[in-house]
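Novice: here is a sequence together with a model predicted from it:
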Number of protein chains: 2
Amino acid sequence: MPRYPHHAQRVDQLPGSIFEKFLPKMREKGADLVKLHIGDSYRQPPYPLPISDSFTRENPYFNRYCNTLGIPELRRALAQKLSEDNQIAADPDAIMLTAGACSALNIGMMGLVNPGEEVLLLTPCWPFFVGMVKMAGGVPVQVPFYDRLYAEPDWDIAAHLEQFITPKTVALYLNTPNNPSGKVLDEAQLQQIVAVVKKHNLWLISDEAYDGMTYDGRAHISIAANREIAAQTLSIFTFSKVYMFAGLRLGYLVADPELLKQLNKVMVHQYYSPATIAQQMMIEPVQNRREWQDRFVQECQATRNRCSELLKADHHLPEGAYYLFFSIKDYLSGRDYWQVIDDCLDAGISVAPGSDFGQDYPDFIRVCFAGEPPQRIELAMQRLNRVLLG
Amino acid sequence: MPRYPHHAQRVDQLPGSIFEKFLPKMREKGADLVKLHIGDSYRQPPYPLPISDSFTRENPYFNRYCNTLGIPELRRALAQKLSEDNQIAADPDAIMLTAGACSALNIGMMGLVNPGEEVLLLTPCWPFFVGMVKMAGGVPVQVPFYDRLYAEPDWDIAAHLEQFITPKTVALYLNTPNNPSGKVLDEAQLQQIVAVVKKHNLWLISDEAYDGMTYDGRAHISIAANREIAAQTLSIFTFSKVYMFAGLRLGYLVADPELLKQLNKVMVHQYYSPATIAQQMMIEPVQNRREWQDRFVQECQATRNRCSELLKADHHLPEGAYYLFFSIKDYLSGRDYWQVIDDCLDAGISVAPGSDFGQDYPDFIRVCFAGEPPQRIELAMQRLNRVLLG
């Protein structure tokens, strides 16, 4: 059966490191070993760089290839962070740095899904995941989910999910805090997902890009904190959201170390590793996260409150992430949906269309309230009200 | 027929940007448009970074998502460089920045090869390319090639290649200057490849990772300078070699702009884009390359000369790149091949085994002469002589 603990067949065609068997001897030789096997230059770039001298002195390998799982110092810092903030017990060898959460999700699909196998996508969901399932040859099965939890927090999630499971289902894609709905799942809701995943031996793809971005004192619960399913879960994080560094393209994937070796083969054949220098730059921000992280989340919460007050269209107050996601069906005033999107542009605001986030949301729009300064967001809400309510 | 100008079917399943049709209106609106459609934060990272203040002031978007083809300023600088150094006529919209040449090669295979189709790999070649063909479901067909050109520069290349072409062949992988053999193809040799590629409508994957790294005044000729086949060629470059910044994970792919839009869909679903900040950091080094590039190549040439003098085993003098690649069959002295690799480690040197570079090179080893300072490389050559010749 093509489910946990089995990975995708394409991975078996990829070679691992031929040097793995020689590693003990190489370590034993230490600094005396002259490494002629790597294709790299020992020189540092001879042209000016906007990086401080103290950084390049302290990180003399900043310009060179690194361990394809990621540099050990950052993996150690992240292991400690995962233990303290997420109650995930992960050794550094259970962590792989990736080019954003985006890459971790793609590697997950390429590494776990064979052509023709089905992946359950709880929707509304991040648009690119649908294409990732298809690129692996898999079949995305969209399960309308998050928005309904606002109205029915005690909904029988397990019974709902069971309706979509077939003998071909191999994985389930979960994203809490959810982009775009802002829903944050609680312990009881997650427990129902755990039961379904366990019962059917599904792989669980836990997209935690908005880790740390919850409002009103609500906790973000990492589902892999539940040891019953940790071995069949890929927990995926990023430096693009609370770290405010999408332009660094860095994220990480936490999984069983043996599975991670297989997934690493996929990454090495896609882009080798994420940037060494990006990883070195993020060690201190991870260690010092308590000094700066809360203030950002508080500012986002204040903007969320102000947006929600200003917006006259019906919507749920997001519990996490930084989006409003709501139906505009009652505000079309005889217009076609796409005419309203065009009217928004005429009024000076661009919004993301609901169809991007799943087949069940053609009447919705997503509004990001963190991409521009608060005064611009307030202006945008006034413009949006005029387009929707006249 | 699944050849040029047809791309792989998997690409048709991937959506492009839904905003493309709205771009003219968005541009027209300019700064007044409040962008609510992107999921990003307007804030800069609030934690200390080792990047100069003047850089972050001049590049205020350093931490944000960028155009998925790459930032326009770098693409313009590269278009000028390609015109001046490579005689490749490429507009900025024919250039896509990627996470190293590695990613450009993977995207090429995912974007052009359907399951069951064959790709000709001229060998010895860069190890990961074999796995990339397999990951796309393709069949790698290894064609022994570069090393023979040292002995027979006037070899009938076209007749040799024709023997490997079947109705399923869709692409050919060329790499000059070649890793690992150091062979640099001349105009007459390239012209024969052009003829074969054109005759059979093959896609041509031109891996030019060692662009600029040629010795003894030899020119590196970019095959896409030949306009007859430019439209069916992917020319692939990197910042990992002459730019000495493998740890930045940045490269670029030059292709027909319409094809590039399709390949960009693959990249977006793999890792969105390479790092914004990495691209911004490389604008000036590209523009000022004449101030620093030649000296590095001269230093490599001096090390090559010294290595070749010291090495007592039979080998060809590499014409480009920074490797020696030669058979050790005559130096086994009754030992198994892998015993010699192990003897090297015992003597304090690690070398790359020939089987990594193609099925026809099980008796070869590759030695990189740029990965450590010259005095360490000289020590390594003495150690290697002792292992091979006693």
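Specialist: Everything's here; your move.

Novice: domains for chain A, by residue range?
Specialist: Annotated domains of chain A cover A:9-289, A:293-389 [automatic domain parsing].

Novice: let me have the ones you listed in CSV, extended by mean pLDDT.
Specialist: Converted to CSV, those look like this (pLDDT from 0 to 100):
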stretch, mean pLDDT
domain A:9-289, 97
domain A:293-389, 97
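
Novice: is stretch A:164-183 in proximity to chain B?
Specialist: Yes. Contact of stretch A:164-183 with chain B (C-beta under 8 Å from any C-beta of the partner chain) involves residue A:179. C-beta here means a position set from N, CA and C on the backbone, and glycine is covered the same way.

Novice: tell me which of the domains of chain A sits most buried.
Specialist: domain A:9-289 (a mean of 20; mean count of other C-beta atoms under 10 Å in any protein chain shown).

Novice: what would the domains of chain A look like in CSV with distance to residue B:89?
Specialist: Converted to CSV, the domains of chain A look like this (distance: least, C-beta to C-beta, whole Å):
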stretch, distance to residue B:89
domain A:9-289, 26
domain A:293-389, 35
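
Novice: which one of the ones you listed lies closest to residue B:195?
Specialist: Each of the domains of chain A was scored for nearness to residue B:195 using C-beta to C-beta, and the closest is domain A:9-289 (31.0 Å).

Novice: quick one on the thing from earlier: quick one: closest of the domains of chain A to residue B:167.
Specialist: Shortest distance between residue B:167 and the domains of chain A, using C-beta to C-beta, is found for domain A:9-289: 23.1 Å.

Novice: so what's the gap between the closest one and the chain middle?
Specialist: 7 Å (C-alpha atoms, centre = their mean, to the nearest Å).

Novice: try stretch A:6-17
Specialist: 23 Å.

Novice: alpha carbons of it, in PDB - could you do that?
Specialist: This file holds the C-alpha atoms of stretch A:6-17, laid out as PDB (Å, rounded to 0.1, in the frame of the first residue of the first chain):
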ATOM      1  CA  HIS A   6       6.500   4.100   2.100                       C
ATOM      2  CA  HIS A   7       7.900   6.900   0.000                       C
ATOM      3  CA  ALA A   8       7.500   7.600  -3.700                       C
ATOM      4  CA  GLN A   9       9.200   5.200  -6.200                       C
ATOM      5  CA  ARG A  10      11.000   8.100  -8.000                       C
ATOM      6  CA  VAL A  11      13.200   8.600  -4.900                       C
ATOM      7  CA  ASP A  12      14.600   5.100  -5.300                       C
ATOM      8  CA  GLN A  13      16.100   6.000  -8.600                       C
ATOM      9  CA  LEU A  14      18.100   8.800  -7.100                       C
ATOM     10  CA  PRO A  15      21.500   8.100  -5.700                       C
ATOM     11  CA  GLY A  16      22.500   9.200  -2.200                       C
ATOM     12  CA  SER A  17      25.900  10.500  -1.300                       C
END
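
Novice: please see if it touches chain B.
Specialist: Yes. With C-beta under 8 Å from any C-beta as the criterion, chain B is reached by stretch A:6-17 at A:10, A:13, A:14, A:15.

Novice: nearest to residue A:189 among those?
Specialist: residue A:10 (33.6 Å).

Novice: shouldn't the closest one be within a strand?
Specialist: No. Per DSSP: H, G, I helix; E, B strand; the rest coil, residue A:10 lies outside any strand segment and is helix.

Novice: quick one: it and residue B:136 touch, right?
Specialist: No. The pair residue A:10 and residue B:136 does not pass the contact test of C-beta atoms under 8 Å, sitting 9.2 Å apart.

Novice: ok, residues contacting the strand or helix carrying residue A:27?
Specialist: Element membership of residue A:27 [criterion: DSSP states H and E] is helix A:23-29. Helix A:23-29 is contacted from outside by A:19, A:33, B:342, B:345, B:346, B:348, B:350, using C-beta atoms under 8 Å, 6 or more residues apart in numbering or on different chains.

Novice: that one: what's the following helix or strand?
Specialist: Using DSSP H and E, the helix or strand that directly follows helix A:23-29 along the chain is strand A:34-35.

Novice: right, is that next one up against chain B?
Specialist: Yes. Judged by C-beta under 8 Å from any C-beta, strand A:34-35 comes into contact with chain B at A:34, A:35.

Novice: strand partners of that strand, parallel vs antiparallel please.
Specialist: strand B:349-350 (parallel) (DSSP bridges).

Novice: quick check: next helix or strand after the partner strand?
Specialist: Heading C-terminal from strand B:349-350 (DSSP H and E), you reach strand B:352-353.

Novice: quick one: is stretch A:65-73 near chain B?
Specialist: Yes. Counting by C-beta under 8 Å from any C-beta, contacts between stretch A:65-73 and chain B involve A:65, A:66.

Novice: OK, contacts around the residue nearest to residue A:13 when sequence neighbours are not counted?
Specialist: Leaving aside its sequence neighbours, residue A:13 sits nearest to residue B:134 (C-beta to C-beta, 6 or more residues apart in numbering or on different chains; 4.3 Å). Contacts for residue B:134 were tallied using C-beta under 8 Å, 6+ apart; they are A:10, A:13, A:14, B:140.

Novice: ok so residue B:134 is a helix residue?
Specialist: Yes. Counting by three-state DSSP, residue B:134 is located in a helix.

Novice: any idea how far it lies from residue B:317?
Specialist: Here residue B:134 is placed at a distance of 34 Å from residue B:317 (C-beta to C-beta, to the nearest Å).

Novice: cool, residue A:180 as well?
Specialist: 60 Å.

Novice: equivalent analysis for residue A:332, please.
Specialist: Taking C-beta to C-beta, one finds residue A:332 at 74 Å from residue B:317.
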